[in-house]
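Q: A predicted structure for the sequence below; I have some questions about it.
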2 protein chains.
Amino acid sequence: MPDIIGHNYIGGARSAAGTVTLQSHEASCGEALPYRFHQATPEEVDAAARAAQQAYPALRSLAPARRAEFLEAIAAQLDALGDDFIQLVTRETALPNARILGERGRTSGQMRLFAQVLRRGDYLGARIDRAQADRQPLPRADLRQYRLGVGPVAVFGASNFPLAFSTAGGDTAAALAAGCPVVFKAHSGHMASAEVVADAIIRAAEQTGMPKGVFNMIYGAGVGEALVKHPAIQAVGFTGSLKGGRALCDMAAARPQPIPVFAEMSSINPVLVLPQALAKRGEQIARELATSVVLGCGQFCTNPGLVIGLRSPAFSAFSEQLAGQLAEQAAQTMLNAGTLASYTKGVQALLAHPRIIHLAGRAQQGNQAHPQLFKAHADLLIDGDPLLQEEVFGPATVLVEVADVGELHQALNGLHGQLTATLIGEATDLQVHAELLPLLEQKVGRVLFNGYPTGVEVCDAMVHGGPYPATSDARGTSVGSLAIDRFLRPVCYQNCPDALLPEALQNANPLGIARLVDGQSSRAAL
Amino acid sequence: MPDIIGHNYIGGARSAAGTVTLQSHEASCGEALPYRFHQATPEEVDAAARAAQQAYPALRSLAPARRAEFLEAIAAQLDALGDDFIQLVTRETALPNARILGERGRTSGQMRLFAQVLRRGDYLGARIDRAQADRQPLPRADLRQYRLGVGPVAVFGASNFPLAFSTAGGDTAAALAAGCPVVFKAHSGHMASAEVVADAIIRAAEQTGMPKGVFNMIYGAGVGEALVKHPAIQAVGFTGSLKGGRALCDMAAARPQPIPVFAEMSSINPVLVLPQALAKRGEQIARELATSVVLGCGQFCTNPGLVIGLRSPAFSAFSEQLAGQLAEQAAQTMLNAGTLASYTKGVQALLAHPRIIHLAGRAQQGNQAHPQLFKAHADLLIDGDPLLQEEVFGPATVLVEVADVGELHQALNGLHGQLTATLIGEATDLQVHAELLPLLEQKVGRVLFNGYPTGVEVCDAMVHGGPYPATSDARGTSVGSLAIDRFLRPVCYQNCPDALLPEALQNANPLGIARLVDGQSSRAAL
């Protein structure tokens, strides 16, 4: 068993000043695990934010390659965790062993991707406009710009990704890469896992000589508000519910100094199945879609919660096939009792709606989630019925049949912002419905063709973001290397002596990075 | 005289549905100019936002080079405006002829800079991660990302730059370049100038075949609130007071769908004069600084409002020289009566403060602003006295003498966020005080060495931004080509057929732009 003491992580030390303790639970049976986690006191929240603030000048001044070594050391520490760790995570989340092994690889892979970004140096956004002493009517000064970390970042982990969107997850990786110390609020659903990962980060920080306070972690309910309101915190990363994310956004906007919140919140991820594709491979699509709906018990931000098709015999057949597929899927244990309660409530609301019919799925009972298929009248989407806009977190999806292309456009226009939209179509479908892509681009962060939205690649080109309420700021992504941009701000140096400039902007270009020099990209020394 | 009818600009047509009219005034005497401007009705505000929304799909889909032609056509139209236009602007603002000619050149130059950015294509942020069909354990899909305009943008012009930060100013240029139609709220101080510029934009839009509604302009008091709250508006650009900017931020954050506001608000732009520089060229610095303080009657966002030095005979001598210089400077007419009233109030507050002494300047009276020099106790800065943090908009500045380096650090740590900070020092000064730069970097968007903050170059490397309350979001700049980033968001395409991709992401790379392909920058076709 890992050695878990449940103390907060503050400035490189452990602290348990408070008397309130919390427990995490075995997801499959609800039994408490034998650990006590000390809720951070207001003073501890303050100390954690201050520790991050104190670490900030040193962290942001480190050469990018040094921070890359830190991220790689975290990756190595994560990869070296033993089977007991994997078992612990599966106990806290009921996610299967193979999934946790995969997610661990994804998490260390994210750290290594950001290390690459740091070495590539394009995130620095180096721009140099050289002096023009003889310019008329006025000379031009020497102006140089690069981007540095905004300051300490508060990160709120997700329930559904105990590793990849949690303690050492994407937001933490992006913030550390940007040179921003992190205060991580451990998710109540997997505090023991969080502790083992935090230990791994601290070991990596010590190994690579990072400033104390580079990574801090606090436990507890209600500590998030104090954290977001703390003057040292300069940005927030969050993955979770619309209600929770919006509350953080409102708090951050009402601060004396407002700060940006990057909250990834709610998405129903519409999938459009087009006629030729249905005619050619409807049964296959039904099978694949059912797999995507129940993957990880439907506990993905990108779970397909809405399937839209044009009225036709082929769509009717497809609906039946999908119902058949989903009826056969086994019930699964959810992340925790709260998640199951919320799923049950969501399913009940769909069952109770007079214009939504239940197509497949066993009565929701017991301590596992049964996959469910519903069919809603297109008018509900067109008229903006809130029930169709809200994510039901779990293995449920809703079919919507539209009468014609006009109704399809109306239905899509009625959708709120989404993380993803998917077009399933043959080449002829996509030609005939070419107007759909510009419409979907306005609604989402990622458009998929002939795939399924679950499974978010961690790479340079990924966008895991999208218009509200999918996220609080469509200009960000929380997966992929562009995620670092959220935590950077530009600074300009005017007529700065070369020796005082950050390396990224020095004449000799010691980092060897591409820079925009007088409007041209160049790696040359000046 | 230009033909000025005072109707709102909505979707390429003119509209004057309301009965409330406003007038603008001759700045030097306060007399009303012979034009009536029709305040937009709520229906007209709605119509303007909808016109922008309708123009958006067409505008964002245009090839970047087409939008570049539009911006260049605006530049040509601005450059072609006659002397009567220049005279009109000087009448409305009391800014001198030469300044307005220079500002016009800056404004058309900004348009041309963004045209270059569009042709360069780096703003698109094109990233391609190609499919890896054989990857284990799972294949990788083809993923491609670029950035598109966020949607219609509301722009609020500045009082102090009737051209460069107004109708066709930097925010408008950046938004149009990003593919975002604009609804511009004309500043009440120069509505006639705004109308002539709006006509120039509309002529350029018609010449280059832009969609109707690409640029809209509304007049009136109180119309801004309805505009910021309009669901079609997706971002806001603002230059003005802290109070006004914060109010817009709060409104935008409280919308059902919150939107980003880029407000450039309040900055006192500290200047640090270091000992060796004072010893060597104190008198010259006093002369140059006085010129910067009174330039444009001190009506610049980057006006140096705070001058800090270490206690020494040299600093005392410098203070006297600066007092002598400022005492000699003539009074000047301000932009309008409100600006003068606000300046007078600010000067009175400084005069009334028991720990601030008046060093130079004639008693503030009449209809012009007299330059003023004050000296404040360092404790006021250290203890965060609000009077020293607030911008007094006009030709006034405050000296602060600190006892030693420790007090200097305390004083700088007490400062709020700023647009700029300036270090005046010899090489030895900068070596001895090397710790100042990392400290100032945290407070500002631009650090200057041996220069003066007035005069903001429009170029790739400029940052006209900074931590709150200098701006509402330190991650943006409102001057320079990086300003376009505020109005862009990334979208990802997964396994999209080549023909359906935006040109920026097609295999053949028809735009010939640099793209990040599998982690390497490349202009090659794939």
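A: Perfect, thanks for sending it. Residues are numbered from 1 along each chain as shown, chains lettered A, B, ... in the order given.
Q: state the helix or strand in which the closest residue to chain B within the stretch 251-400 of chain A lies.
A: Distances between the stretch 251-400 of chain A and chain B by CB to the nearest CB are smallest at residue A:253, namely 3.5 Å. C-beta here means a position set from N, CA and C on the backbone, and glycine is covered the same way. Element membership for residue A:253, per DSSP states H and E: helix A:242-254.
Q: which helices and strands sit right next to that helix?
A: Judged by 3 or more CB pairs under 8 Å, 6 or more residues apart in numbering or on different chains; DSSP states H and E, helix A:242-254 is in contact with helix A:223-229, strand A:235-239, strand A:261-264, helix B:242-254.
Q: try it again at 6 Å.
A: helix A:223-229, strand A:235-239, strand A:261-264 (3 or more CB pairs under 6 Å, 6 or more residues apart in numbering or on different chains; DSSP states H and E).
Q: what number of residues lie near residue A:22?
A: 17 (other CB atoms under 10 Å in any protein chain shown).
Q: likewise for the one 10 residues further on?
A: As a burial measure, residue A:32 scores 11 neighbours (other CB under 10 Å).
Q: tell me how far the closest residue to it other than its chain neighbours lies from residue A:5.
A: Nearest residue to residue A:32 in three dimensions, chain neighbours excluded: residue A:23, at 4.4 Å (CB to CB, 6 or more residues apart in numbering or on different chains). Separation of residue A:23 from residue A:5 (CB to CB, to the nearest Å) stands at 13 Å.
Q: show me what from the stretch 351-500 of chain A comes close to chain B.
A: A:437, A:441, A:446-449, A:451, A:457, A:459-463, A:468, A:474-475, A:489-496, A:500 (CB under 6 Å from any CB of the partner chain).
Q: among these, which lie within helices?
A: A:437, A:441 (DSSP state H).
Q: make a PyMOL selection of the buried ones in the residues of the stretch 351-500 of chain A next to chain B.
A: Listed next is the PyMOL selection for buried residues among these, using 16 or more other CB atoms under 10 Å in any protein chain shown:
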select buried, chain A and resi 437+441+446+447+448+449+451+457+459+460+461+462+463+468+474+475+489+490+491+492+493+494+496+500
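Q: out of the residues of the stretch 351-500 of chain A next to chain B, which are inside strands?
A: A:446, A:447, A:448, A:449, A:489, A:490, A:491, A:492, A:493, A:494 (DSSP state E).
Q: quick check, nearest of these to residue A:429?
A: Lowest distance from residue A:429 to these (CB to CB) belongs to residue A:449, with 10.3 Å.
Q: how close does the closest one sit to residue B:412?
A: Distance from residue A:449 to residue B:412, by CB to CB: 54 Å.
Q: sorry, back to before: and the ones in strands among the residues of the stretch 351-500 of chain A next to chain B as CSV, adding distance to residue B:39?
A: Formatted as CSV, those follow (distance: CB to CB, whole Å):
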residue, distance to residue B:39
A:446, 43
A:447, 42
A:448, 47
A:449, 49
A:489, 38
A:490, 38
A:491, 41
A:492, 39
A:493, 45
A:494, 42
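Q: farthest-apart pair in those residues, please.
A: A:449 and A:494 (47.3 Å).
Q: quick one: the lowest-mean-pLDDT helix or strand in chain A to chain centroid distance?
A: Within chain A, judged by mean pLDDT, DSSP states H and E, the helix or strand with the poorest mean is helix A:386-389; its value is a mean of 90. Averaged C-alpha coordinates place helix A:386-389 at 22 Å from its chain's average position (CA atoms, centre = their mean, to the nearest Å).
Q: in that helix, what counts as buried?
A: Applying 16+ other CB under 10 Å to helix A:386-389 flags A:387, A:388, A:389 as buried.
Q: do the same with stretch A:96-103
A: Under 16+ other CB under 10 Å, the buried positions of stretch A:96-103 are A:99, A:100, A:102, A:103.
Q: ok, stretch A:425-445 next?
A: Applying 16+ other CB under 10 Å to stretch A:425-445 flags A:425-426, A:429-430, A:433, A:436-437, A:439-445 as buried.
Q: okay, helices next: where are they in the stretch 251-400 of chain A?
A: Listed in chain order, the helices of the stretch 251-400 of chain A (DSSP state H, counting those that start in this stretch) span A:275-294, A:313-328, A:337-352, A:378-382, A:386-389.
Q: weakest of the ones you listed by average pLDDT?
A: Mean pLDDT is lowest for helix A:386-389 among the helices of the stretch 251-400 of chain A, at a mean of 90.
Q: what about stretch A:237-244, start to end distance?
A: 12 Å (CA to CA, to the nearest Å).
Q: ditto for stretch A:466-478
A: 10 Å.
Q: output the longest helix belonging to chain A.
A: Max-length helix for chain A by DSSP H is helix A:97-120.
Q: which strands and helices sit next to that one?
A: helix A:64-79, helix A:83-93, helix A:170-178.
Q: show me what counts as buried in stretch A:244-253.
A: Neighbour-count burial for stretch A:244-253 [16+ other CB under 10 Å]: A:245, A:246, A:247, A:248, A:249, A:251, A:252, A:253.
Q: what's the farthest-apart pair in those?
A: A:245 and A:253, at 12.5 Å, using CB to CB across the buried residues of stretch A:244-253.
Q: roughly how far does residue A:207 sit from residue B:175?
A: 47 Å.
Q: who has more neighbours, the two?
A: Between residue A:207 and residue B:175, counted using other CB under 10 Å, the more crowded position is residue B:175 (31 against 14).
Q: I figured the more buried one hits residue B:182, correct?
A: Yes: the criterion here is CB atoms under 6 Å, and residue B:175 meets it with residue B:182 at 5.1 Å.
Q: so what sits against both of the two?
A: residue B:153 (CB atoms under 6 Å, 6 or more residues apart in numbering or on different chains).
Q: can you redo the ones in strands among the residues of the stretch 351-500 of chain A next to chain B as CSV with distance to residue A:359 and pLDDT?
A: Formatted as CSV, these follow (distance: CB to CB, whole Å; pLDDT from 0 to 100):
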residue, distance to residue A:359, pLDDT
A:446, 27, 98
A:447, 27, 98
A:448, 24, 98
A:449, 26, 98
A:489, 50, 98
A:490, 52, 98
A:491, 57, 98
A:492, 59, 98
A:493, 63, 98
A:494, 65, 98
